[in-house]
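>>> Model the following, please.
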Amino acid sequence: MSNARVEHLTTSGVFSLDGGSWKVDNNVWLVGDDEEVVVIDAPHEAQAIIDAVNGRRVVAIVCTHGHNDHVNAALEVSDAVHGPVLLHPDDRVLWNMTNPERVPDGALADGQVITVAGIELRVIHTPGHAPGAVCLYSPELGALFSGDTLFQGGPGATGRSYSDFPTIIASIRDRLLTLPGDTVVRTGHGDPTTIGAEAPHLQEWIDRGH
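As a prediction, this is how the structure comes out:
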């Protein structure tokens with residue numbers, strides 16, 4: 001019997017791309033138990049994330065994608081907690097904008113399984129918001145950690161460099177909406193939703209995107 005649980009904190013900072021900057025609040029998700037944990041995204045406030053880890057063994061710091069507001073505290077957190085930073089290689093171009101001096105410690109791949117506290121986090125490659133965007137699915141927790149691919153009310157933004165609307169729609173349709181409807185979607189920004197709540201609106205998003 002696993003004692004795995006999901007913990008949440010919010011950090012605040014600035015998202016910058018294509019010459020623009022926007023103030024944002026980011027969700028940080030920690031999945032694990034009292035002994036070990038996976039950190040999903042490490043934005044803005046390293047010390048807050050380090051405090052949330054609270055001395056536990058960090059299996060991985062998973063970056064859902066390479067935008068600065070998801071990776072700009074990753075190296076500081078990694079150095080403090082001695083956990084490897086993992087990123088899909090297709091997002092190295094974005095990573096390098098924020099962290100040109102160091103490469104991630106490991107690569108994420110579609111279908112990869114990260115095990116923590118007796119449960120599995122399955123990597124789902126969901127390009128569109130970014131080329132190397134990934135989600136993590138835990139069947140045991142009934143949870144999807146969607147980064148900026150799927151939000152309450154629709155897909156992540158695709159109006160900036162290295163993003164593509166038809167690609168994100170295909171990722172959501174083919175990779176995410178096939179999950180059980182009661183799967184809780186824990187997003188990179190804002191409030192959670194469920195697969196069942198979002199699935200009926202796919203055609204509306206497509207129409208809106210044209």
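
>>> Can you show me the strands along the protein?
Ranges of strands in the chain, per DSSP state E, are 5-17, 20-32, 36-40, 57-62, 85-87, 106-107, 113-116, 119-125, 134-138, 143-147, 150-151, 154-155, 184-187, 193-194.

>>> Name every strand pairing with the last one and say which way it goes.
Based on DSSP bridges, the pairing partners of strand 193-194 within the sheet are strand 184-187 (antiparallel).

>>> and for the strand it pairs with, what are the contacting residues?
Strand 184-187 is contacted by residues 6, 8, 27, 29, 142-148, 150-152, 192-195, 198 when judged by CB atoms under 8 Å, 6 or more residues apart in numbering. The C-beta positions use only the backbone N, C-alpha and C, and glycine is treated the same way.

>>> can you check stretch 106-122 too?
Residues contacting stretch 106-122 (CB under 8 Å, 6+ apart): 1-4, 31-33, 35-38, 59-60, 62, 84-89, 123-125, 132, 134, 136-141, 145.

>>> Can you give me the buried ones in it?
108, 112, 114, 116-117, 119, 121-122 (16 or more other CB atoms under 10 Å).

>>> picking up where we left off before, dump the strands of the chain to TSV, plus mean pLDDT and distance to A46.
Below are those laid out as TSV (pLDDT from 0 to 100; distance: least, CB to CB, whole Å):
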stretch	mean pLDDT	distance to A46
strand 5-17	98	9
strand 20-32	98	11
strand 36-40	98	11
strand 57-62	98	11
strand 85-87	99	12
strand 106-107	98	20
strand 113-116	98	21
strand 119-125	98	22
strand 134-138	99	21
strand 143-147	98	19
strand 150-151	98	25
strand 154-155	98	29
strand 184-187	98	21
strand 193-194	98	28
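
>>> Buried deepest among those strands, which one?
strand 143-147 (a mean of 27; mean count of other CB atoms under 10 Å).

>>> any idea how far that one is from the chain center?
Remark: strand 143-147 is offset 7 Å from the chain centroid, using CA atoms, centre = their mean, to the nearest Å.

>>> partners of that strand in the sheet?
Assessed with DSSP bridges, strand 143-147 is paired to strand 134-138 (antiparallel), strand 184-187 (parallel).

>>> CA atoms of that strand as CSV?
Provided in CSV are the C-alpha atoms of strand 143-147 (Å, rounded to 0.1, in the frame of the first residue of the first chain):
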residue,chain,number,x,y,z
ALA,A,143,-3.9,12.4,-11.6
LEU,A,144,-2.4,14.1,-14.6
PHE,A,145,0.3,16.8,-14.2
SER,A,146,-0.3,18.7,-17.4
GLY,A,147,2.2,21.5,-17.3
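
>>> what's the nearest residue to G142 if we skip its chain neighbours?
T183 (5.6 Å; CB to CB, 6 or more residues apart in numbering).

>>> need the contact list for the one you found.
T183 touches 137, 142-144, 194-196, counting by CB under 8 Å, 6+ apart.

>>> swap the cut-off to 7 Å and go again
Shown in contact with T183 (CB atoms under 7 Å, 6 or more residues apart in numbering): 142-144, 194-195.

>>> count of neighbours near the residue found closest to N99 once you drop the neighbours it is linked to in the chain?
Of all residues not flanking N99 in the chain, L75 sits nearest, at 5.9 Å (CB to CB, 6+ apart). With neighbours defined by other CB atoms under 10 Å, the count for L75 comes to 19.
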